[in-house]
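> coords please:
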Amino acid sequence: MAETDVFYCEVRERTGTGGARASRREGWVPGVLYGGDKGPVAIRLKQKEVFTAFSAGRMRSHLAKIDVPGQDYLQPVIARQVQVDPVSDIPVHVDLMRVDENTRIDVAIHVRFLNEDLSPGIKRGGVLNIVRHDVEVYAPATAIPEFLEANCDGLDIGDAIKISSIKLPAGVTPVITDRDFTIATIAAPSALRSEEDEKAAEAAAPSADVPATAQKAPDAAAKADDKGGKKA
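Have a look, this model is predicted:
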């Protein structure tokens, strides 16, 4: 389970562009709280708290809780969208969705690769070719895994890590279900690939020991047979 951040929030009295700008000047990040059996509410969060969580990679696809005025409990939420200033990288707006223990959402989970030093293919100079750094899954909103683990132990050159080889936590399922998609492969080093390409090219090329006239002889004989057939 990932770390759960708790944000203090206020209900925004002023909405629209002017209200949002005023909140930012006062050190807040404007946002919207929606979902569940309640209507949307214009809120604002402390900029420092949001920036700290965002910089640590915990803002998107991580469970958080907010202290909503008038509620006697912390509201679990998921940040579904975070708008960031293109120059300063400071969050300027957030959309938070209310969730509970029954909510399932689609999230992208980072993949960690373990035991690369135990891969025979990598020991022989092979390269871990990562196809997917993240895997999109359906997960309980209150039990989102922080990462998935892919084991490289025993993998040789040409082997692949498929989604079926990754142990998913209870209640977590991949979004893609129509195929056993690839997470990573152990690719041959460039030197080995070049050597294999040279061998393939040599095998496909005509032998230097066979004269060119001898190679053309069957074609000439075939043409002669065709001419003979026409005379008959």
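
> alpha carbons only for contacts and neighbour counts from here, please
OK.

> what pairs with the spatially closest residue to residue 47 that is not a sequence neighbour across the strands?
Among residues not flanking residue 47 along the chain, residue 28 sits closest, at 4.7 Å (CA to CA, 6 or more residues apart in numbering). Bridge pairing for residue 28 (DSSP bridges) gives the partners residue 46.

> what's the answer for residue 148, then?
Beta-bridge pairing of residue 148 under DSSP bridges involves residue 111.

> Could you report the neighbour count for it?
By other CA atoms under 10 Å, the residues close to residue 148 number 16.

> quick one: it and residue 88, what's the gap?
The spacing between residue 148 and residue 88, counted by CA to CA, to the nearest Å, is 31 Å.

> Surely the residue nearest to residue 47 is in contact with residue 51?
No: counting by CA atoms under 8 Å, residue 28 sits too far from residue 51 to count as a contact (10.4 Å).

> Need phi/psi at residue 100.
phi -140, psi -170 (degrees, to the nearest 10).

> Could you report the neighbour count for it?
13.

> Hmm, it is touching residue 141, no?
Yes: in this structure, residue 100 is within contact of residue 141 by CA under 8 Å, at 6.9 Å.

> Could you check how far residue 127 is from residue 157?
Taking CA to CA as the measure, residue 127 falls 8 Å from residue 157.

> Just want to know which of those two has more residues nearby.
Higher neighbour count among residue 127 and residue 157: residue 157, with 20 against 17, using other CA under 10 Å.
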